[in-house]
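In: here is my input; please provide its structure:
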Amino acid sequence: MDELSLFAGNISGFYDKKQSEQIVLFAYYLVEQKKTDFKPKNIHECFISLKVPPYSNIPAYLSKRSKKEKNKRRQFIKNKNGYTLAANALKEIKASLNVPIEQPPSETLLTLEIFNGTRGYLENISKEAALCYDFGQYNACLIMLRKLIETLIIELFEKTGIEDTIKNNSNDYFQLSSLIEVFLNEPSWTVSRNTKKSIPEIKKYADLAAHNRRFSAKKVDVDKIKVDLRIVIQELLLFIDY
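Out: Just a heads-up that it's a prediction; the model follows:
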């Protein structure tokens, strides 16, 4: 089964919908899954590919619904490459298909741009931690921060070529407490006094969130370690030097 067939098969009652409704869904498929603008012929090809009778005049349909009309919002926007979906139409389609809408994280927790040019997974972890904070999921936020610190320490040892010093006899990396201990005492770099003081504070709250069933993190708990977090992350990134 190809991508388009899979897409249509996952939409309840797709083949029973009006052809005009199918046009909009094909447009969504092209814009969101194929990441491309589209022309009338691309929509026509979608109908043919699924062996569905095509709409009689696709160019006219797209053209009409891309024009500004009083008290009526456009479904499509015409550009030099063809058409794309208008923002309101895209939002409505996602809502009808129950597609989760991605929320960009704020920088209330930490400055995300410091992870630009590092690793994709570091950017993802930091964004997830920020989103957890934005939505008040403070236990999850602390756990993600714990993972971020752990990952950065491992990255540092790998970058320096001394990762064996943080592995056990089974060749697995140490738990965070041991990672921190080795990191703070490794002579290959000089850890600042602020980081030595800050990193145990971050770990304390993160461990409570991860392991203490009676502890429920609050905003104030995360806010207490914001400065510590910035100090530790910036120093680790400085040591790694991506």
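
In: helix/strand/coil for the closest residue to residue 131 other than its chain neighbours?
Out: Nearest residue to residue 131 in three dimensions, chain neighbours excluded: residue 105, at 4.6 Å (C-beta to C-beta, 6 or more residues apart in numbering). (C-beta placed from N, C-alpha, C; glycine too.) Secondary structure, DSSP: H, G, I helix; E, B strand; the rest coil: residue 105 is coil.

In: report the contact partners of residue 100.
Out: Counting by C-beta atoms under 8 Å, 6 or more residues apart in numbering, residue 100 touches no other residue.

In: part of a helix, is it?
Out: No. Assigned with three-state DSSP, residue 100 falls outside any helix and is coil.

In: any idea how far residue 221 is from the residue nearest in space to the middle of the chain?
Out: With distances taken as C-alpha atoms, centre = their mean, residue 124 lies nearest the centre of the chain, 5.6 Å away. Residue 124 sits 23 Å away from residue 221, going by C-beta to C-beta, to the nearest Å.

In: which residue is the nearest non-sequential neighbour of residue 180?
Out: That would be residue 199: by C-beta to C-beta, 6+ apart, it lies 5.8 Å from residue 180.

In: my error: substitute residue 176 in the last question.
Out: Per C-beta to C-beta, 6+ apart, closest to residue 176 is residue 150, 5.0 Å.

In: how much space between the residue nearest to residue 65 when sequence neighbours are not counted and residue 61?
Out: Nearest residue to residue 65, sequence neighbours excluded (C-beta to C-beta, 6+ apart): residue 75, at 4.3 Å. From residue 75 across to residue 61, the span is 9 Å (C-beta to C-beta).

In: where does the residue nearest to the centre of the chain sit, in terms of helix or strand?
Out: helix 120-134 (DSSP states H and E).

In: tell me, how many residues neighbour the closest residue in space to residue 162 that isn't next to it in sequence?
Out: Leaving out its chain neighbours, the residue that sits closest to residue 162 by C-beta to C-beta, 6+ apart is residue 188, at 6.6 Å. Neighbour count for residue 188, taken as other C-beta atoms under 10 Å: 11.

In: let me know the pLDDT of residue 143.
Out: pLDDT for residue 143: 97.

In: count the residues that sit near it.
Out: Neighbours of residue 143 (other C-beta under 10 Å): 20.

In: how much space separates the residue nearest to residue 176 from residue 50?
Out: 47 Å.

In: show me the contacts for residue 80.
Out: With C-beta under 8 Å, 6+ apart, residue 80 has no contacts at all.

In: typo on my end, residue 233
Out: 110, 114, 148, 149, 152 are the contacts of residue 233 under C-beta under 8 Å, 6+ apart.

In: may I ask which two of these are separated the most?
Out: 114 and 149 (14.1 Å; C-beta to C-beta).

In: and the two? which has more neighbours close in?
Out: Set side by side, residue 114 and residue 149 show more neighbours around residue 149, with 22 against 16, by other C-beta under 10 Å.

In: name the nearest residue to residue 118, sequence neighbours excluded.
Out: residue 242 (4.8 Å).

In: make that residue 110, sorry
Out: residue 229 (6.0 Å).

In: quickly find the element holding residue 27.
Out: helix 19-28.

In: now do that helix: distance to the chain's middle.
Out: 27 Å (C-alpha atoms, centre = their mean, to the nearest Å).

In: contacting residues around it?
Out: 8, 11, 14, 17, 38, 42-43, 46-47, 52-55, 58, 61-62, 75-76, 83, 85, 89-90, 93, 97.

In: which of the residues in that helix are buried?
Out: 22, 23, 24, 25, 26, 27, 28 (16 or more other C-beta atoms under 10 Å).

In: please report how far the second one lies from residue 89.
Out: I take that to be residue 23. Taking C-beta to C-beta, one finds residue 23 at 11 Å from residue 89.
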